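Undergrad: compute the structure for the input listed below.
(2 chains)
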Amino acid sequence: MKLRSVLLVIYLLLLLLPIYWMLNMSFKENEEITGLFSLWPHHFTWANYGVIFGDASWYTGYINSLIYVGINTLISVTVALPAAYAFSRYRFLGDRHMFFWLLSNRMAPPAVFLLPFFQFYSTVGLMDTHIGVALAHMLFNVPLAVWILEGFMSGVPREIDETAYIDGYSFPRFFVRVFIPLIRAGVGVTAFFCFMFSWVELLLARTLTSVNAKPIVAIMTRTVSAAGMDWGVLSAAGVLTLIPGAVVIWFVRNYIAKGFAMGRV
Amino acid sequence: MKPVNQKAWFLILPVILCVAFSAILPLMTVVNYSVQDIISPERRVFVGTEWFKAVMRDDDLQGALLRQITFSFSVLLVEIPLGIMLALSMPAKGWQASAVLVVVAISLLIPWNVVGTIWQIFGRGDIGLGGVLINHLGINYNYTSEAFDAWITVLVMDVWHWTPLVALLAYAGLRAIPDPFYQAAKIDAASRWAVFRYIQLPKLRGVLTIAILLRFMDSFMIYTEPFVLTGGGPGDSTTFLSQFLTTLAVGRFDVGPAAAFSLIYFLIILLFCFVFYTVIQNTGKGESR
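TA: Take a look at the predicted model:
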């Protein structure tokens, strides 16, 4: 038991090492980064963060990212809830085919679909809008959301539905008042996954935006290619992208710790 | 047995609309490209299955596909066992559980190009902690010039990045096992291995299905991280399938062959996922009933 904890701590330290290195670099000046190898910043500076917070073209990137990730998470979970209920409770014509078709969208390599995506979104006028990116990200988030929610719902005994209907609940009232609270943990975990995959995605978000909805991840790539390498600002921007994720994990940690089996245990 | 209810279609209608909006037309466009030779926007010739035949014979493409398959299976072989081991040693309760969960999950929420950047810096022999340490140990390591080093760096990066996903899912699966199972095992004086093999592993089937399929799909479509880290080099040692096809479609503008191969690509992922899914579902059935 002791040995296991020691190994776990060592693993966690290894996990944090690359992140520490980025944090370290974000507090250094560029001369120190390229000039000498140091384990901690010798000339501690906030200047790199100053660049980001002082320039609207940087910090609006974070706002844009948060907006479309938020829209995406909200819509994905909302449309996935009734669908997951249908898949977990009923059989209907073509249900398995439909489920598999949904999942197959998660497997379309985005790199190759970029050009058609660009053309299609330009045609329908969704280029460079938050809702456009959110819709595009639903392609891989909605199937996953349905899959995870279906797993949680299958763990809830069907007697609960039947009792509620006998007590005179209509379907919408039962679903919102009784059923969703029962799978609260599932909704939390699903939202976490939707947030995660939308927040980290680069290719689609970069292709579908130019100015108004440009996400922080795309702004970072532009800066890398321009004017050599501004390692300090790049690291600072990278560190700032960790924060929303850390907040979201903090909110769902109890749902994960409580456990879920995806289906009947 | 679930009741048959055709009205359930109304419940899945919103999902279909949302996904089909982005799925159908782009896919049709790709199919369209794959059977035409587009010389200019006005001049296009129907070529049938010619692109499909051409890409199947292309050596570079076959090389990229082979590298991709090797990479994806290496990823699965390392990440799944490591993730399960990690989940088994994570504390179950208290503040330690919360703290460990947050630390473990953090790498999942880093944007993919930032992951590439982190490792690009970390692995450098002059200014990166990792690169400096390895060189200090007397191992000649340089991911920008040695093909093997580059490949290993991409693999280690992926393990660092994604093992937490397996660990989180496995951890949640473990927490869902009711205590009586362990009490029964104790009465039978079952060994730790027996507990793992006959209680924990079967109960993890649901979460591991998701973990394996997600890891396979995403590693098979990996693009951003190696692109930032190595740019596919040195040579083509880390040029995986997505990157190869993007160069073909965007860089060289060979849209026809690129589209033809992306359809084949899509089918390969579909096939593998179907096989994994069926195998996992069937191996579980025999013992849990």
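
Undergrad: can you report how many residues lie near B:Ala54?
TA: B:Ala54 has 16 neighbouring residues, counting by other CB atoms under 10 Å in any protein chain shown. In short, each C-beta sits where N, CA and C put it, glycine included.

Undergrad: what's the single longest helix in the chain?
TA: I'll assume chain A. Scanning chain A for the helix with the most residues, using DSSP state H, yields helix A:56-89.

Undergrad: should've been chain B
TA: Per DSSP H, chain B has its longest helix at helix B:255-288.

Undergrad: thinking again about what came up before, please compute how far the longest helix of chain A lies from its chain's middle.
TA: Centroid separation for helix A:56-89 versus its chain: 8 Å, with CA atoms, centre = their mean, to the nearest Å.

Undergrad: try stretch B:129-142
TA: Relative to its chain's centre, stretch B:129-142 lies at 28 Å (CA atoms, centre = their mean).

Undergrad: residues touching A:Leu7, list them.
TA: B:Ser89 (CB atoms under 8 Å, 6 or more residues apart in numbering or on different chains).

Undergrad: that one looks like it's in a helix, true?
TA: Yes - counting by DSSP: H, G, I helix; E, B strand; the rest coil, A:Leu7 is found in a helix.

Undergrad: ranges for the strands of the chain?
TA: No chain was given, so I picked chain A. Using DSSP state E, chain A contains no strands.

Undergrad: my bad, chain B
TA: Using DSSP E, the strands of chain B run over residues B:36-38, B:44-46.

Undergrad: what comes up buried for the first one?
TA: This means strand B:36-38. Buried residues in strand B:36-38, counted by 16 or more other CB atoms under 10 Å in any protein chain shown: B:36, B:38.

Undergrad: with only the CA atoms kept, save stretch B:237-247 in CSV.
TA: What follows is stretch B:237-247 as a C-alpha-only set of coordinates in CSV (Å, rounded to 0.1, in the frame of the first residue of the first chain):
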residue,chain,number,x,y,z
SER,B,237,9.1,9.5,-39.4
THR,B,238,6.2,11.2,-37.6
THR,B,239,4.0,12.1,-40.5
PHE,B,240,0.8,10.3,-39.6
LEU,B,241,-2.2,9.8,-41.8
SER,B,242,-4.1,13.0,-41.0
GLN,B,243,-1.1,15.2,-41.7
PHE,B,244,-0.2,13.3,-44.9
LEU,B,245,-3.7,13.8,-46.2
THR,B,246,-3.8,17.5,-45.2
THR,B,247,-0.6,18.1,-47.1
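
Undergrad: re the thing from before, gap between the longest helix of chain B and the chain center?
TA: That offset, for helix B:255-288, works out to 12 Å (CA atoms, centre = their mean).

Undergrad: which strands or helices does that helix pack on?
TA: helix A:110-123, helix B:8-34, strand B:36-38, helix B:50-57, helix B:201-203, helix B:205-220, helix B:241-246 (3 or more CB pairs under 8 Å, 6 or more residues apart in numbering or on different chains; DSSP states H and E).

Undergrad: leaving out sequence neighbours, find the closest residue to B:Leu174.
TA: The spatially closest residue to B:Leu174, leaving aside those adjacent along the chain, is B:Ala87, at 5.8 Å (CB to CB, 6 or more residues apart in numbering or on different chains).

Undergrad: re earlier: mind checking the pLDDT average for the longest helix of chain B?
TA: Helix B:255-288 carries an average pLDDT of 79.

Undergrad: quick one: that helix to helix B:8-34, angle?
TA: Angular relation of helix B:255-288 and helix B:8-34 on a 0 to 180 degree scale: 140 degrees, by axes from the mean of the first three to the mean of the last three CA atoms, to 10 degrees.

Undergrad: and helix B:255-288, what's buried?
TA: B:255-263, B:265-266, B:268-270, B:272-273, B:276, B:284.

Undergrad: rewinding a little: mean confidence score for the longest helix of chain A?
TA: Rounded mean pLDDT across helix A:56-89 is 92.

Undergrad: give me the angle between it and helix B:8-34.
TA: Using the same axes, to 10 degrees, helix A:56-89 lies at 120 degrees relative to helix B:8-34.

Undergrad: A:Tyr165 - nearest residue in space that isn't next to it in sequence?
TA: A:Tyr165 sits nearest to A:Phe174 (CB to CB, 6+ apart), 6.9 Å away.

Undergrad: contact partners for the one you found?
TA: A:161, A:164-165 are the contacts of A:Phe174 under CB under 8 Å, 6+ apart.

Undergrad: dump the residue contacts of the residue in the stretch 101-250 of chain A positioned nearest to chain B.
TA: Across the stretch 101-250 of chain A, the shortest distance to chain B (CB to the nearest CB) belongs to A:Gly245, at 2.5 Å. Applying CB under 8 Å, 6+ apart to A:Gly245 gives the contacts A:195-196, A:199, B:105-106, B:108-110.

Undergrad: of the residues you listed, closest to A:Lys28?
TA: B:Ile110 (19.9 Å; CB to CB).

Undergrad: how many residues are close by the closest one?
TA: When neighbours are counted by other CB under 10 Å, B:Ile110 comes out with 24.

Undergrad: mind checking how far it is from A:Leu15?
TA: Distance of B:Ile110 to A:Leu15, computed by CB to CB, to the nearest Å: 12 Å.

Undergrad: burial of B:Lys203, as a residue count?
TA: Neighbour count of B:Lys203, defined by other CB under 10 Å: 21.

Undergrad: let me see the contact set for the nearest residue to it once chain neighbours are set aside.
TA: Spatially, and ignoring its direct neighbours in sequence, B:Lys203 is nearest to B:Ile177 (5.0 Å; CB to CB, 6+ apart). Counting by CB under 8 Å, 6+ apart, B:Ile177 makes contact with A:259, A:261, A:265, B:199-200, B:203.

Undergrad: PyMOL command for the buried members of these?
TA: Selection of buried members from these for PyMOL, criterion 16+ other CB under 10 Å:
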select buried, (chain A and resi 259+261) or (chain B and resi 199+200+203)
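
Undergrad: tell me which two of the contacts of B:Ile177 sit farthest apart.
TA: A:Gly259 and B:Ile199 (14.2 Å).

Undergrad: coming back round to it: let's see which of the contacts of A:Phe174 end up in helices.
TA: Using DSSP H, the contacts of A:Phe174 in helices are A:161, A:164-165.
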